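Engineer: give me a model of this one.
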Amino acid sequence: MDLLYAILLGILQGLTEFLPISSSGHLVIAQDIFNIQGADLAFDVMLHLGTLVAVLIYYWQDVLNLISEFFILIGDFIKGKRPKLLDYSRPYRVLMVMIIIATVPTAIIGLVFNDLFSRLFETADFVGYALIVTGILLWIANGIVSGRKDIKHMTAGDAVTVGLIQGLAITPGISRSGSTIFAGLIRGLNRELATRFSFLLSIPAILGAVVVEGKDVFEGASALHEVMPVLAGFVAAAVSGYLAIRFLISVLQKRKLNYFSYYCWAVGILSILYTWFAA
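Structural biologist: The predicted structure follows:
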């Protein structure tokens, strides 16, 4: 694989993974228009790991606190105690439990419907319509007044709603980050929590994708013999993903999500027109 091509793919993966414009949707459109073949599976796994590193670096304090709370909880069970899972005096315990609750419906939808969605909907025209839907969701989310719920007032219902929406975002063209932030806001979460929860929820989602793809890496994919391109793609995905997270948080704070709506609508309409004329 060419080094420059690997870097460009890494940058594209990092940006589209976290900006609310749908990474899978852009991949489908690019493959359709430019006849791009899918990347080596091992390389694709490394790009996902790069975006995972971006989240872990940006939210490293939250991640460490969540891990610490997890082991404290396990330790309490081992000692025979009956710790309260939703102990609102321990915000990180609540946040950890909410992430687990939200991940369950996402995992079920992903495992049951992933192949179906891929077969039925991976065409540029459908992605175009899905991007238009994403633009509408972002437009609505941008106009929602920040809710009052912080982590001490978040409920299991909030987590399940966000998890269900994240599961539906396996549809190419539906943005994972955009749809989950939208779900959090309509459930009354404040903007900071809706954004933070969305990005932290991406950690098990990305890990799940790595596991699903990675199990076949050494069976059907070529070995990681092209070390430099793979490392370059990994670093590019991590750096661009980190910058994308910072940029999106800034946009959310300034309530400028409507700019992403315009982008999604433009790309969506262009991809639909392309398929019409190409047909």
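Engineer: following the helix or strand of the chain with the lowest mean pLDDT, which helix or strand comes up?
Structural biologist: Using mean pLDDT, DSSP states H and E, helix 217-220 stands out as the lowest-scoring helix or strand of the chain, at a mean of 52. Sequence order places helix 227-253 as the next helix or strand after helix 217-220, per DSSP states H and E.
Engineer: tell me which other helices or strands whichever helix or strand comes after that next one touches.
Structural biologist: Heading C-terminal from helix 227-253, the first helix or strand you meet, by DSSP H and E, is helix 258-278. The contact analysis (3 or more CB pairs under 8 Å, 6 or more residues apart in numbering; DSSP states H and E) places helix 258-278 against helix 23-34, helix 124-143. (Each C-beta comes from the backbone N, C-alpha and C, glycine too.)
Engineer: what residue of the chain is the furthest out?
Structural biologist: Centroid-distance maximum for the chain: residue 80 at 37.0 Å, with CA atoms, centre = their mean.
Engineer: part of a strand, is that residue?
Structural biologist: No. Residue 80: not assigned to a strand; according to DSSP: H, G, I helix; E, B strand; the rest coil it is coil.
Engineer: so who does it touch?
Structural biologist: Residue 80 sits next to no residue when contact means CB atoms under 8 Å, 6 or more residues apart in numbering.
Engineer: what's the spacing between it and residue 71?
Structural biologist: Distance, residue 80 to residue 71, using CB to CB, to the nearest Å: 16 Å.
Engineer: over to residue 53?
Structural biologist: For residue 53, the distance to residue 71 (CB to CB) stands at 22 Å.
Engineer: so between these two, which is more surrounded?
Structural biologist: Taking other CB atoms under 10 Å, residue 53 and residue 71 do not tie; residue 53 has more neighbours (19 against 9).
Engineer: grab the nearest non-local neighbour of that one.
Structural biologist: Spatial nearest neighbour of residue 53, excluding adjacent residues (CB to CB, 6 or more residues apart in numbering): residue 238 at 4.4 Å.
Engineer: hmm, residue 14 and that neighbour touching each other?
Structural biologist: Yes. Residue 238 lies in contact with residue 14 (CB atoms under 8 Å); the separation is 6.8 Å.
Engineer: overlap in contacts of those two?
Structural biologist: With CB under 8 Å, 6+ apart as the test, residue 238 and residue 14 both reach 50-51, 54.
Engineer: so what's the backbone phi/psi at residue 208?
Structural biologist: For residue 208, the backbone dihedrals (degrees, to the nearest 10) come out as phi -60, psi -40.
Engineer: that one: neighbour count?
Structural biologist: For residue 208, the count of nearby residues is 16 (other CB under 10 Å).
Engineer: with residue 176 instead?
Structural biologist: That count, for residue 176 with other CB under 10 Å as the rule, works out to 28.
Engineer: got the confidence number for it?
Structural biologist: Looking at residue 176, its pLDDT reads 93.
Engineer: just give the closest residue to it, not the sequence neighbours.
Structural biologist: Using CB to CB, 6+ apart and skipping the chain neighbours, the partner closest in space to residue 176 is residue 169 (4.2 Å).
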